[in-house]
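In: let me see the structure of the following:
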Amino acid sequence: MKKAIQFLILSIPIIFFFLQGYSRRWNSEDAFITFRVCRNLISGYGPVYNIDERVEAYTHPLWLAILSLSTLLTKSIELSAVWLGISFSCFGLLFGILGGAKLFRKINNEESLYIPLGSYVIASLPPFWDFATSGLETGLTFLWLGVSFFMISSLLKNENKIFIALLWFSFGPLIRPDLGIFWIGFSLLSIIIFSNFLKEKICFGKILIFILLTLLFPLSYQIFRMGYFASLLPNPAFAKEAFGFNIKQGFHYLSDTFIPYFLFLPFISALAIIFPLASKNKNLSQKEILIFISFFILGLFYIFYIEIIGGDFMHGRLLLPGLFSIFISVPFITFKKPFQTFLIGSTLTWCLLCGIYLRIPYEGISERGIANEREFYVSCAGVNNPVKIEDYRNCGLYGLGMNARKSSFFYHENIGIAGFIAGEKIHIFDRLGLADPIASRLEIKERKRPGHEKDMPAEWVIARLEGDFNDPKVNYAKKAMECGNLKDYLDGIKGRLNLKKFLKNIFIAIKTVKMRIPVDPYEAMQRFCLNQKEGNQIKKESGGLI
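Out: Just a heads-up that it's a prediction; the model follows:
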């Protein structure tokens, strides 16, 4: 009977997470950007958004690869994304619980019921429900983190499998580049945990294998990225200025998630469980303590990174990997001590309130530019679960995509749904830069809403169309694209790719990583082509319009 009750206690968060995630299944506007790339890849055009230029419009190559393979079997990108997302999310939570159970047996040898409080917290937070699907890589992120926790927990007694663990960790940056924080942390943790193993069996060959497995997938894809896309970073990283500071907006993003759900309460419970247990429990070795502390600290560091770069425009989304790492590392506790019973009761009360009542206090987009993304697009589609592209037929973006089919190009700030409908033969100019090589590199004058700070003027679009134009601004833009690093970059992403061009693109990627384009075409022409005196003369000859 006790085993059945224990099984039920461990299963409840997984079942609840699945039911809530499935009831809120959907595919987001941004997911359809990936879906268009996926369709182009399957059709033989390569992993590109527009078939006539090689731009990495996604940040999740592993998710794209898995989604493409699944679509070959199911013939439906949208359904594959939903079922893969929710499956990965739930299995990630499952492996996290299994890893916690392994460590708990070292803490407590008594046959008493134990509670995975951290997993209950994860399953109770609405942002986890929204992004269990969504068509984005978040579910795969949960799976990677959960399996990583399980592998580190279980490999304490099986050190010969360290190399499998390192190989698994190296997938992280291919799910999202910012998961490199965890990848580096997990790799260092493995070195510390398995230091005795390395000392006992030390040899040059094994050290080399250790390094190669740690770097294998990230380094291989980075070389591919540089040679194929002529870029050191994915295009959205340039569009969002992923390495620039925007601390004020990041604080708004953090408070937008923490305040509505009173997240400081489960955080206090987590601290009250982890640190006393780690400092006082005699059944734990230093390595086991290190696992709990490392996952907790890495989660905090990840959240700190997201905060200083300004967060995201989707409510809670980019904080979820950090929160998952923090709460999945919370050790299981029992009812045998009054204080632990209090922690269980208070945290489960919070879980109940959060799951039933606590919600963000706005619909659509907040004053700070943060969107209740799922509710916004559910409202736009007019259906509860907009999964397939046809579910968005009542949304204005669907109509824009249908109209785009009648043209040779489409210029807009929303390129997911509309771009997917328009088809691969219609060139999409993304005003905000996620999929556009010019817009993504524009200079930012002022930090604003993340992902919406760059707005490409029409002159940069017209300059790339065939024909002669009398507008001086268009001619300045054309001239700028024919000079210097900007020309090298644009040449690198267009035309046929051979080995010579691939190798040349690697050097272009390095030298153009800091390249930014002035929004004003005349200033861009001056920067890339001319000195000040020559620029003023051309400006005078072309009518002086800037």
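
In: what ranges do the strands span in the chain?
Out: Ranges of strands within the chain are 114-115, 333-334, 409-412, 427-430, based on DSSP state E.

In: now for the first one, which elements pack on it?
Out: Same thing as strand 114-115. helix 2-23, strand 333-334 (3 or more C-beta pairs under 8 Å, 6 or more residues apart in numbering; DSSP states H and E). C-beta coordinates here come from the backbone N, C-alpha and C atoms, glycine included.

In: mind doing that once more with 7 Å?
Out: strand 333-334 (3 or more C-beta pairs under 7 Å, 6 or more residues apart in numbering; DSSP states H and E).

In: check the second one too.
Out: Here strand 333-334 is seen to pack against strand 114-115, helix 338-356 when contacts are counted using 3+ C-beta pairs under 7 Å, 6+ apart.

In: so how far is residue 43 from residue 419?
Out: 15 Å (C-beta to C-beta, to the nearest Å).

In: so those two - more neighbours on which side?
Out: For residue 419 and residue 43, the more surrounded residue by other C-beta atoms under 10 Å is residue 419, and the numbers stand at 30 against 10.

In: so who does the more buried one touch?
Out: 32, 33, 36, 401, 428 (C-beta atoms under 7 Å, 6 or more residues apart in numbering).

In: max pairwise distance over the residues you listed: which two?
Out: 33 and 401 (12.6 Å; C-beta to C-beta).

In: what's the closest non-adjacent residue to residue 346?
Out: Leaving aside its chain neighbours, residue 346 sits nearest to residue 269 (6.8 Å; criterion: C-beta to C-beta, 6 or more residues apart in numbering).

In: should've said residue 444
Out: residue 453 (5.2 Å).

In: for that neighbour, give its distance to residue 439.
Out: 11 Å.

In: and the strands of the chain, which one is worst for confidence?
Out: Least confident of the strands of the chain, judged by mean pLDDT, is strand 333-334 with a mean of 82.

In: neighbouring contacts of it?
Out: 108, 112, 113, 114, 115, 117, 273, 340, 343, 344.

In: apply 6 Å and report the result again.
Out: 112, 114, 273, 340 (C-beta atoms under 6 Å, 6 or more residues apart in numbering).

In: show me which of those are buried.
Out: 114, 273, 340 (16 or more other C-beta atoms under 10 Å).

In: neighbours of the residue lying closest to the last one once chain neighbours are set aside, how many?
Out: With sequence-adjacent residues excluded and distances taken as C-beta to C-beta, 6+ apart, residue 340 is closest to residue 333, at 4.6 Å. If you count neighbours by other C-beta under 10 Å, residue 333 ends up with 25.

In: how about the helices and strands packed on strand 333-334 in TSV, adding distance to residue 486?
Out: Shown next, in TSV, are the helices and strands packed on strand 333-334 (distance: least, C-beta to C-beta, whole Å):
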stretch	distance to residue 486
strand 114-115	58
helix 338-356	49
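
In: most packed of these?
Out: strand 114-115 (a mean of 23; mean count of other C-beta atoms under 10 Å).

In: partners of that strand, with directions?
Out: If you go by DSSP bridges, strand 114-115 pairs up with strand 333-334 (antiparallel).
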